[in-house]
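Chemist: Sequence and predicted structure are below.
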Amino acid sequence: MEPSKQPSPQESASQDVNPVFLQQLRELDIPEEAAKQALLRTRNVSAEEAAIFYFNKLENEEGDEDLMYKMVFVVNMDLAMGVGKVAAQVGHAAVGLYQGLQEKNSWREMAWKWDHAGAKKIVVQGTNVAHLLELQAQAMSLSLPTYLVRDAGLTQVASGSRTVLAVMGEEDIVNNVTGSLKLL
């Protein structure tokens with residue numbers, strides 16, 4: 001049985017980037033993903049507010065140390081996995097995501113900052129595979145790196161089962177995707 005799905009305020013905010021504001025920011029040569037993130041960070045109030053945020057952030061790049069990063073693991077609670085199995089799947093997700101972070105310069109830099117700021121990791125509950133896929137799509141729309149574990153099927157779950165979604169990025173942005181989920 002699937003629970004009725006009401007989007008959280010974070011989900012609504014992340015999905016409702018005003019296209020007019022986005023276009024105005026693009027006309028200022030702000031990259032699309034940066035423009036979306038600026039709109040989200042300023043609660044989609046106006047293109048002007050988002051532009052001010054974006055350009056202030058550029059000016060304060062040296063102040064980037066203030067940004068906190070985290071890695072979040074969303075466990076598919078629809079699967080009957082024991083504690084050890086969940087731990088192993090979270091491990092697979094961490095390694096898979098970290099390997100993926102090495103593919104882009106900006107992601108490598110994020111991984112370095114995350115690691116040197118304490119490597120914050122959180123494990124939360126996801127409803128089912130559809131929920132994990134929805135969260136992954138939302139994270140990807142925000143340019144957050146993700147990794148979705150597919151189990152080999154040698155022990156407790158069927159081959160190909162999607163067990164854990166890993167998401168990483170700036171804490172405030174990751175919270176737009178996973179902030180409303182319960183801790184495991």
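Modeler: Structure received. Numbering: from 1, shown residues only.
Chemist: check contacts around residue 35.
Modeler: For residue 35, the contacting residues are 22, 25-26, 50, 54, by C-beta atoms under 8 Å, 6 or more residues apart in numbering. For glycine as for every other residue, the C-beta is placed from the backbone atoms N, C-alpha and C.
Chemist: repeat that with 6 Å
Modeler: With contact taken as C-beta atoms under 6 Å, 6 or more residues apart in numbering, residue 35 is in contact with 22, 25.
Chemist: Could you give the backbone dihedrals for residue 52?
Modeler: The phi/psi pair for residue 52 (degrees, to the nearest 10) reads phi -60, psi -50.
Chemist: Could you pull out the helices in this structure for me?
Modeler: 9-15, 19-27, 32-41, 47-59, 83-101, 105-116, 129-141, 171-178 (DSSP state H).
Chemist: And the fourth one, how far out from the chain middle?
Modeler: For helix 47-59, the distance from its own C-alpha centre to the chain's C-alpha centre is 22 Å (C-alpha atoms, centre = their mean, to the nearest Å).
Chemist: and it, which residues are buried?
Modeler: Using 16 or more other C-beta atoms under 10 Å as the burial criterion, the residues of helix 47-59 that qualify are 47, 49-51, 53-54, 57.
Chemist: Where is pLDDT lowest across the residues you listed?
Modeler: Least confident entry in those, by pLDDT: residue 57, with 70.
Chemist: contacting residues around the nearest residue to that one once chain neighbours are set aside?
Modeler: Leaving aside its sequence neighbours, residue 57 sits nearest to residue 38 (C-beta to C-beta, 6 or more residues apart in numbering; 7.7 Å). For residue 38, the contact set (C-beta under 6 Å, 6+ apart) comprises 50, 53-54.
Chemist: and with 8 Å instead?
Modeler: Applying C-beta under 8 Å, 6+ apart, the residues near residue 38 are 25, 30, 50-51, 53-54, 57.
Chemist: How much space separates it from residue 155?
Modeler: Noted for residue 38: a distance of 45 Å to residue 155, by C-beta to C-beta, to the nearest Å.
Chemist: sorry, back to before: I'd like the contacts of residue 38 laid out as TSV, including distance to residue 180.
Modeler: Below are the contacts of residue 38 laid out as TSV (distance: C-beta to C-beta, whole Å):
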residue	distance to residue 180
25	27
30	28
50	23
51	29
53	23
54	26
57	25
